[in-house]
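1. Take a look and give me a structure for this.
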Amino acid sequence: MIRVKSEHEIEKMRSAGRIVAETFEMLSETIKPGVTTKELNALADEFIKKNKATCSFYRYNGYPASICTSVNEQVVHGIPSGSVALKAGDIVSIDIGACYEGYHGDAARTFAVGTISSEAQKLIDVTKQSFFEGMSKAIPGNRIGDIANAVQSYVESNGFSVVRALVGHGVGAELHEAPEVPNFGTAGRGVRLVSGMTIAIEPMVNMGTYHVNTLSDGWTVVTADKKLSAHYENSVVVTAKGPEILTKC
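-> Residues are numbered from 1 along each chain as shown. Next up, the predicted model:
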């Protein structure tokens, strides 16, 4: 069942989303060669708790960390580790969720570590812009397929591929709610959007094939061809005045 949110609920989601956005701002100053993903996890965990929120991902379905840190060919759900130190030229996708007064904010960003290749920077830029292409279709009366098709069309026109095994989702009192929000599909199909729907739009974009595999840890998803992947996500509310990003400062 899709839960349309009241203004009171949306305001709580804005608060949760603001904490997520501020966590990214804090981490962005720390992401550099030599830093371990475990250190990033500890910083995020401390910051979220200081802001009177809880880490949405910790122990969610057994996930062992507070944030997801996915490096290079890792698409999503990379587990922070003290043995994984970032290197110049890496890209790292970080997925953060915070729960404030019972409501979640969920977002992801991909960061450059030091100087990266022009191809890697294009991947990051296209992934980010594909989110905005999709979000522009998140208006009452449109359908989920309009969002999905806008993301896919933009990504593929730039020579990349969208992951199909993983999708965006509704978000609110639960971290993952109905409906699913794919990054590929046909315009005009799927659930019809109405004001008050809150969804996480999250393009996962690969430099090569869209096929992915899951590592033996049961969590980390990697590209099947080991080429780079980037991730960009925000929690969004559908309104009569247009879509609003909830995970912003």
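
2. What helices and strands are in contact with whichever strand or helix holds Ile199?
-> Taking DSSP states H and E as the definition, one finds Ile199 inside strand 198-201. Judged by 3 or more C-beta pairs under 8 Å, 6 or more residues apart in numbering; DSSP states H and E, the packing partners of strand 198-201 are helix 118-135, strand 168-170, strand 177-181, strand 234-237. (C-beta placed from N, C-alpha, C; glycine too.)

3. ok, and what's touching the shortest one?
-> By that I understand strand 168-170. Outside strand 168-170, the residues within contact range by C-beta atoms under 8 Å, 6 or more residues apart in numbering are 2-3, 176-183, 197-202, 233.

4. about what we covered before: what strands flank the strand holding Ile199, and is each parallel or antiparallel?
-> When pairs are called by DSSP bridges, strand 198-201 turns out to pair with strand 168-170 (antiparallel), strand 234-237 (antiparallel).

5. Any idea how far it is from the middle of the chain?
-> 10 Å (C-alpha atoms, centre = their mean, to the nearest Å).

6. average pLDDT for it?
-> Confidence for strand 198-201, expressed as mean pLDDT, is 99.

7. Name every strand pairing with the helix or strand following that strand and say which way it goes.
-> Note on strand 198-201: by DSSP H and E, the next helix or strand toward the C-terminus is strand 204-206. Using DSSP bridges, strand 204-206 pairs in its sheet with strand 161-162 (antiparallel), strand 229-231 (antiparallel).

8. one step back: what's the most buried one of the helices and strands packed on strand 198-201?
-> strand 234-237 (a mean of 26; mean count of other C-beta atoms under 10 Å).

9. for the record, mean pLDDT for it?
-> 99.

10. got the CA coordinates for that strand in CSV?
-> What follows is strand 234-237 as a C-alpha-only set of coordinates in CSV (Å, rounded to 0.1, in the frame of the first residue of the first chain):
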residue,chain,number,x,y,z
ASN,A,234,17.4,12.0,-2.9
SER,A,235,14.2,11.6,-1.0
VAL,A,236,11.5,13.6,-2.9
VAL,A,237,7.9,14.6,-2.1
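
11. What strands flank whichever helix or strand comes after that strand, and is each parallel or antiparallel?
-> Later in the chain than strand 234-237, the nearest helix or strand by DSSP H and E is strand 244-245. Applying DSSP bridges, strand 244-245 is found paired with strand 234-237 (antiparallel).

12. ok, and what's touching the partner strand?
-> 5, 10, 13, 17, 20, 104-107, 131, 135, 138, 171, 196-202, 243-248.

13. again with stretch 134-153
-> By C-beta under 8 Å, 6+ apart, stretch 134-153 touches 130-131, 133, 162, 179-195, 199, 201, 203, 234, 236, 238-240, 242-243, 245.

14. Make a PyMOL selection of the buried ones in those residues.
-> Buried residues within the contacts of stretch 134-153, by 16 or more other C-beta atoms under 10 Å, are selected in PyMOL with:
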select buried, resi 130+131+133+162+179+180+181+182+183+184+185+187+190+191+193+199+201+203+234+236+238+243+245
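
15. hmm, back to that, what's the closest of the strands paired with strand 204-206 to Thr37?
-> Among the strands paired with strand 204-206, the nearest to Thr37 by C-beta to C-beta is strand 229-231 (14.5 Å).

16. roughly how far out does that closest one sit from the chain middle?
-> Distance, centroid of strand 229-231 to centroid of chain: 9 Å (C-alpha atoms, centre = their mean).

17. Many thanks, we can stop here.
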